[in-house]
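K.L.:
with the sequence up front, the predicted model follows.
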Amino acid sequence: MRKQTVTAEDVAKRAGVSRAVVSRALSSNGSISPSTKEKVLRAAQELGYQVNFLAQGLNRQRSHLIGVIVARIGDPFRSSLLEGLLHEIQRRGYQALVTEITGEQDLTPTLRRFTQFRVSGVIVTSGKPPETLVNECVSQQIPVVGINRQPDIPLVDFVCSDNDSGAYQAAEQLFHSGCRRFGWLNNRGSTWAGMMRGEAFYQALHQLGVDTQRHISDITASEEGYEGGFQAARAWTGELPAGIFCANAQLACGFLDGMRQRGKFAPQDFHLIGFDNTPQSGQFSYQLTTLHQDVSEIARRALTRLLERAKNPLQPSRIEWVKVELIHRQTSPRIG
């Protein structure tokens, strides 16, 4: 015989309260005395009642779900960022609905699917959502926040690592370490954040008196990630720049290994600085000097912006820059 589903009405009868009181006790919305809440929770536990958050979403217009859009979860930094977001989402009393996309073409169907689930908000860590679709989300009172995305969409807030500051720290470290010929390593089809870091690196070196037309070389990887950095090192011809800054840590680790195969080592033959401070960066075989992105702070600010925008969906767009810190290791040791 099929077991009958326990309802909120059953919990109300067991606890001797109204259906509305049960709803407040189980959702933590509205005022309720601690003793009454304890009585409701005890009744729910005795009956084996489980809250149906999707059904709640149908009744309340929005669910307790927050949609998260990611790409390349296998990338160590993106995996770390996702972990930080999941922790913060759960800490705030929500559940994450995570979707991995393979390209911009996946954004529209993913966002539409999120609206069907009546999510309480959407966090975009990959790709640029179409403005028309963002407007559709706003019309349904679903706030959208982008992380390390180009901040050019109205009614969307953005939380980004301070790429400019990171690039300036890298430039100063390399310059004051005695480097006078520089390299900028990035992959084709770079992210917006990667391009920002390169532009800021050029500007910082120019301010330090470097002739950027003559003394900076672009090192372009044919693909992203470790393999891209490795192949870029293997394909490099000519004199090796003395100080190289990389768009991310995976490119940097690949470049280090590629150069090792050619008998070139950091910091003896060149200095190298990455960006991300992934766990691999600190491993004994790499000891990569790199910029640290605070994923916990990024996640905290993203959720704060999301919940604040939910209260006022038409407020002007806002961007928050999260501080980055240069971590000194062996590929470009601390000066002095």
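P.N.:
Cool, the structure landed.
K.L.:
pLDDT below threshold where in this protein?
P.N.:
Along the chain, segments meeting pLDDT under 70 span 1-4, 27-30, 50-63, 127.
K.L.:
please redo it, this time with the cut-off set to 80
P.N.:
For the chain, the stretches flagged by pLDDT under 80 are 1-6, 8, 23-31, 48-63, 103-104, 107, 126-136, 138-140, 336.
K.L.:
which residue ranges form the strands in it?
P.N.:
According to DSSP state E, the chain carries its strands in the segments 65-71, 95-101, 121-124, 144-147, 157-161, 182-187, 216-221, 243-246, 271-276, 289-293, 319-322, 324-327.
K.L.:
C-alpha coordinates for the fourth one, CSV please?
P.N.:
It stands for strand 144-147. C-alpha atoms of strand 144-147 as CSV (Å, rounded to 0.1, in the frame of the first residue of the first chain):
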residue,chain,number,x,y,z
VAL,A,144,21.0,38.8,-11.8
VAL,A,145,24.6,39.2,-10.6
GLY,A,146,27.8,38.6,-12.7
ILE,A,147,31.1,37.6,-11.3
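K.L.:
strands paired with that strand, and their directions?
P.N.:
strand 121-124 (parallel), strand 157-161 (parallel) (DSSP bridges).
K.L.:
go on, the first one?
P.N.:
In the sheet, strand 65-71 lines up against strand 95-101 (parallel), strand 121-124 (parallel) (DSSP bridges).
K.L.:
tabulate those (TSV), appending mean neighbour count and distance to residue 43.
P.N.:
Quick note: C-beta positions are derived from backbone N, CA and C, even for glycine. Output for the strands paired with strand 65-71, formatted as TSV (neighbours: other CB atoms under 10 Å; distance: least, CB to CB, whole Å):
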stretch	mean neighbour count	distance to residue 43
strand 95-101	16	23
strand 121-124	26	32
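K.L.:
could you find the closest non-adjacent residue to residue 76?
P.N.:
Nearest residue to residue 76, sequence neighbours excluded (CB to CB, 6 or more residues apart in numbering): residue 278, at 3.8 Å.
K.L.:
neighbours of the one you found, how many?
P.N.:
25 (other CB atoms under 10 Å).
K.L.:
please name the residues that touch it.
P.N.:
Residue 278 makes contacts with 76, 77, 80, 249, 250, as judged by CB atoms under 8 Å, 6 or more residues apart in numbering.
K.L.:
give me the neighbour count for the second one.
P.N.:
To tie it back to what came earlier, the one meant is residue 77. Residue 77 has 21 nearby residues by other CB under 10 Å.
K.L.:
and for the fourth one?
P.N.:
Counted with other CB under 10 Å, the neighbours of residue 249 add up to 28.
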